[in-house]
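Visitor: Quick one: sequence plus predicted model below, questions after.
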Protein chains: 2
Amino acid sequence: MIRSDWQPDRASPEPLHRQIEHYFKQKMTSGEWGPGTRIPAQRQLADMFNVNRSTIVSALDELVAQGLLEGNAGGGTRVVSTSWDALAAKPMLNWNNYIHAGSQQPNSQIVQTINQAEFHPGIIRLGTGELSPDLLPVRRMQAVLAKLSTRAMTLGYEEAKGSMRLREALSDRMRGLGIEASPSSILIVSGALQALQLISIGLLEAGSSVIVEAPSYLNSLHLFQTAGVQLNGLPMDEQGVIVKDLARRRQSSRDSLMYTIPSFHNPTGIVMSEARRRELIALSERERLPIIEDDVYRDLWLDEPPPPPLKARDAAGNVLYVGSFSKSVSPGLRIGWITGPKTVIDRLADIKMQTDYGSSSFSQSIAAEWLTSSQYDDHMTELRAALRARRAHMHALLDRHLTGLAEWRMPTGGFYVWLRLNTGISATRLFQDALRHGILLNPGGIYDRTMGSFLRLSYAYASHAELADGIAGLASLIRSQVKA
Amino acid sequence: MIRSDWQPDRASPEPLHRQIEHYFKQKMTSGEWGPGTRIPAQRQLADMFNVNRSTIVSALDELVAQGLLEGNAGGGTRVVSTSWDALAAKPMLNWNNYIHAGSQQPNSQIVQTINQAEFHPGIIRLGTGELSPDLLPVRRMQAVLAKLSTRAMTLGYEEAKGSMRLREALSDRMRGLGIEASPSSILIVSGALQALQLISIGLLEAGSSVIVEAPSYLNSLHLFQTAGVQLNGLPMDEQGVIVKDLARRRQSSRDSLMYTIPSFHNPTGIVMSEARRRELIALSERERLPIIEDDVYRDLWLDEPPPPPLKARDAAGNVLYVGSFSKSVSPGLRIGWITGPKTVIDRLADIKMQTDYGSSSFSQSIAAEWLTSSQYDDHMTELRAALRARRAHMHALLDRHLTGLAEWRMPTGGFYVWLRLNTGISATRLFQDALRHGILLNPGGIYDRTMGSFLRLSYAYASHAELADGIAGLASLIRSQVKA
Ligand SMILES: Cc1ncc(COP(=O)(O)O)c(C=O)c1O
Ligand SMILES: Cc1ncc(COP(=O)(O)O)c(C=O)c1O
């Protein structure tokens, strides 16, 4: 239903019915009044705009004649639907392909609610997996831009695999992690999410299946599902995914590949142990299991660096390694990378060129400048200190407010505390209650259907004060549930 | 077969066989020696590296033990293939879906040859559809970066549809073209190519068909084909696509939508006339035919601005309008936009978020700064003058060298001259001959199979001197064909 504060301008030389016609048109072509929107009755419109009914009739007649409005049998008038609407109604996500032993489909409704609630003014975002605006390195970024503004630059299309300068810098960095990747086996992408998307489009076959950790990173799950792939969730313990279960599982089914986040896992914060990594690499060699290693949180270690990447031990070329600047420097850069066997990188580069012709050359120059100057390392030192302080704050708050109501283990890096609510507490109800109280939670059920009694908390996004208010508020909501 | 200039370092404390092992490994993991690469016989290797055969045997044994090399029955040794290779072998492009009345598949081999030849040092690129490096506004871009470096900036993820500042600036610009698009019905994308890709993934159904101009923009054709869509090519005359033929064609088949480049068409340079635009919009309303209007060359008019976009006359919301900064300011920015019915834009924004979380916020800030300062308009004035001079140069060269050998009409804007070779001249042979002489051509057959006697020439990329040499060279190659 349409409401409007707009009024025709009586001082204008343009007749009133033309003004109304023009106003309606603008609302419709801008899409604000979408197809199917009901137009109020002529009498109401005459009241709304303070004009004679005949003025409304002329305006509406003209719009009907132009094919913008249509009357229906019941006497109502609606905005006509466009020829695109039928196409836009086609479903995109193959939620139906979501398969997890004994589980149902994930609750996409909650994910949508979260995405919208993030924009509520004043909401406390207790689960958001991003750096808080005040942790983002604005001054350093300004210095980098100032430096670039004095340089010769290429404004044209980049090479298919991305800026050579950036690939060389990444090759050097990765060498420090034990990964030998020549620039020609590195592909620059627009964030790690795009890396996963290119792999999904280019390498996964509909009907095959992907082994994931249960729980796992939400958006990767969506992408795999969109590619028509079945997800096969494997349990984790405090050392990471349980490789023995994987070995057992693979005797029966033929999974096409595995997706893992070995360091500071999203959403659990777990770091895969050295032993587990060796076990997984050995299995992957024995069974020729391709692995996607998503390592976007690696540099966010707070106590000590995690064990070397799987890729560093991957003599057989089974691992595709994915990194990103989003968690350490700036998500707005939209810069990530993939390295792996050159044949596979060549193919992914080909697909990337066909889909967007490469990533922003400005973002690429900025990223290269970060890595080749001291900015990146200096910033990481500061960022780790700030995250340690936030983690300690969160630790104290949880101890103070949630002892006896939930269980958790503080992570050694990354953003997340994976918290298990004591039995008897409904995470779904808690999510809804909290939302009404201005607190936004990420309930475990969105990462895996069997994880309904967990919450993902993040100490990276909300401010210290918000964390204090949020955790205290959370505790009292839990208590009122327990009492009731 | 492997050749190598490398030699082990006899002064190093590392044993020779270890050095060789390490060298081999690096070549393999970097992908330089791809899976399946044959390793020379032990004797040859011993000669190559000036070591005893037993040194080679130790190195190779170790690599076989690590699963990096494998021997075969014939006694040869090869680099093992990785578990990703089978996945990477899956074909991606559905070339088979290419359908054109009476035509065969386009020659993807020539396209690949062109893509590679662009990197040959010293090659004269007579057909390249990009601004020459010296036409790219480096100084202005430096000024924009310097300005941004003093600003507060957001380094985080952007809103789903892109930076509000940029969308507002685009909304204003488009109003000047007669398009009423509110910021909420504009989606920022990573170049026009990504716009077409999102439309392909999100709105096209495999098995449906898309009407295109014959010939048309190469990469759009690839994308549509990749989406499993049939292409239905319509002939053009000097006023643009022949709408009467479209009306007739649609009586029989049900095409799902039309893709058109009405202004300074790629590859023909044609501008769709005012009358033809009206005819097309009327047909689209009558038959509810959705239209993608690709208008990336609009601002490159040289004589006078082209007629208003189809979108400006699109009262019924049938047109999705696509623009880009690539042809006017910088392809490296990777910034384009789509506007259309809000429901459709919402859906495309959703898909964009699922695929790459939005475009670089740096590129978006830069683009907004270009539009809201005087940089864009000032640059366009300069650029038009430079392109006019290039066009005049090309005109004179064609008159001087190709009169009697080919026919052409000079365009009123954009980059391209669409040249028809006189009968008896083989464009394929010309392409090959020219390549051998260091001249790169874009033969018409890559845009449409029936256009084998055409060439796309561009006055935007090669320098004045290169154009002079290139056109003279082309003429003498044609003459030698005619004589032979
Ligand atoms: C595990 C994991 N991978 C990838 C991403 C996406 O990163 P990017 O911004 O580089 O696309 C995230 C962000 O939440 C993540 O948690
Ligand atoms: C008609 C047409 N559309 C789109 C593009 C791609 O533009 P962008 O660099 O914005 O992806 C081109 C570039 O050649 C083109 O000619």
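Guide: The structure has been received and is ready for your questions. Ligands and ions are numbered 1, 2, ... in the order given.

Visitor: Only the buried residues of the helix ranked longest in chain A, if you could.
Guide: For chain A, the helix that runs over the most residues, judged by DSSP state H, is helix A:375-402. Going by neighbour count (16 or more other C-beta atoms under 10 Å in any protein chain shown), the buried part of helix A:375-402 is A:375-376, A:379-380, A:383-384, A:387, A:390-391, A:394, A:397-398, A:401-402. Every residue, glycine included, has its C-beta placed from N, CA and C.

Visitor: which of the residues you listed are close to ligand 1?
Guide: Residues of the buried residues of helix A:375-402 in contact with ligand 1 (C-beta under 6 Å from any ligand atom): none.

Visitor: In CSV: the residues you listed, plus pLDDT and distance to B:A152.
Guide: Below are these laid out as CSV (pLDDT from 0 to 100; distance: C-beta to C-beta, whole Å):
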residue, pLDDT, distance to B:A152
A:Q375, 98, 19
A:Y376, 98, 22
A:H379, 98, 18
A:M380, 98, 23
A:L383, 98, 20
A:R384, 98, 25
A:L387, 98, 23
A:R390, 98, 23
A:R391, 98, 28
A:M394, 98, 28
A:L397, 98, 30
A:L398, 98, 34
A:H401, 98, 35
A:L402, 97, 37
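
Visitor: picking up where we left off before, rounded mean pLDDT for whichever helix or strand comes after the longest helix of chain A, please.
Guide: Later in the chain than helix A:375-402, the nearest helix or strand by DSSP states H and E is strand A:406-407. Average pLDDT, strand A:406-407: 97.

Visitor: Equivalent analysis for stretch A:197-206, please.
Guide: Mean per-residue pLDDT for stretch A:197-206: 82.

Visitor: Would that stretch count as contacting ligand 1?
Guide: No - judged by C-beta under 6 Å from any ligand atom, stretch A:197-206 stays clear of ligand 1, getting no closer than 9.2 Å.

Visitor: Give the buried residues for stretch A:417-426.
Guide: Residues of stretch A:417-426 classed as buried: A:V417, A:W418, A:L419, A:R420, A:L421, A:I425 (neighbour count, 16+ other C-beta under 10 Å).

Visitor: typo on my end, it should be stretch A:136-156
Guide: Result for stretch A:136-156 [16+ other C-beta under 10 Å]: buried residues A:136-138, A:140-142, A:144-145, A:147-149, A:153-156.

Visitor: what packs against the longest helix of chain A?
Guide: Contacting helix A:375-402 under the criterion 3 or more C-beta pairs under 8 Å, 6 or more residues apart in numbering or on different chains; DSSP states H and E are the following elements: helix A:138-148, helix A:361-372, strand A:416-421, helix A:464-483.

Visitor: give me that answer again for 6 Å
Guide: Applying 3 or more C-beta pairs under 6 Å, 6 or more residues apart in numbering or on different chains; DSSP states H and E, we find helix A:375-402 packed against helix A:464-483.

Visitor: can you list the weak-confidence ranges in chain A?
Guide: A:1-3, A:29-31, A:66-67, A:72-75, A:82-83, A:85-107, A:251-255 (pLDDT under 70).

Visitor: isn't A:S359 right up against A:L187?
Guide: No - A:S359 lies out of contact with A:L187 (C-beta atoms under 6 Å); the separation is 9.7 Å.

Visitor: Could you check which of those two has the larger neighbour count?
Guide: Applying other C-beta atoms under 10 Å in any protein chain shown to A:S359 and A:L187 shows that A:S359 carries more neighbours, namely 32 against 28.

Visitor: For the spatially closest residue to the more buried one that is not a sequence neighbour, give me its contacts.
Guide: Nearest residue to A:S359, sequence neighbours excluded (C-beta to C-beta, 6 or more residues apart in numbering or on different chains): A:S190, at 4.6 Å. By C-beta atoms under 6 Å, 6 or more residues apart in numbering or on different chains, A:S190 lies in contact with A:R334, A:S359, B:D356.

Visitor: what do you get for A:L204?
Guide: A:L204 neighbours (C-beta under 6 Å, 6+ apart): A:A227, A:V229.

Visitor: And for A:P307?
Guide: A:E274, A:R277.

Visitor: What separation do you get for it and B:S184?
Guide: 47 Å (C-beta to C-beta, to the nearest Å).

Visitor: same thing with A:G207?
Guide: 38 Å.

Visitor: A:S256 now?
Guide: Applying C-beta to C-beta to A:S256 and B:S184 gives a distance of 40 Å.

Visitor: Tell me which of the two has more neighbours.
Guide: Neighbours were counted for A:S256 and for B:S184 using other C-beta under 10 Å; A:S256 has more, 20 against 17.

Visitor: Spatially nearest residue to the more buried one, not counting backbone neighbours?
Guide: Counting by C-beta to C-beta, 6+ apart, the residue nearest A:S256 is A:S208, at 3.9 Å.
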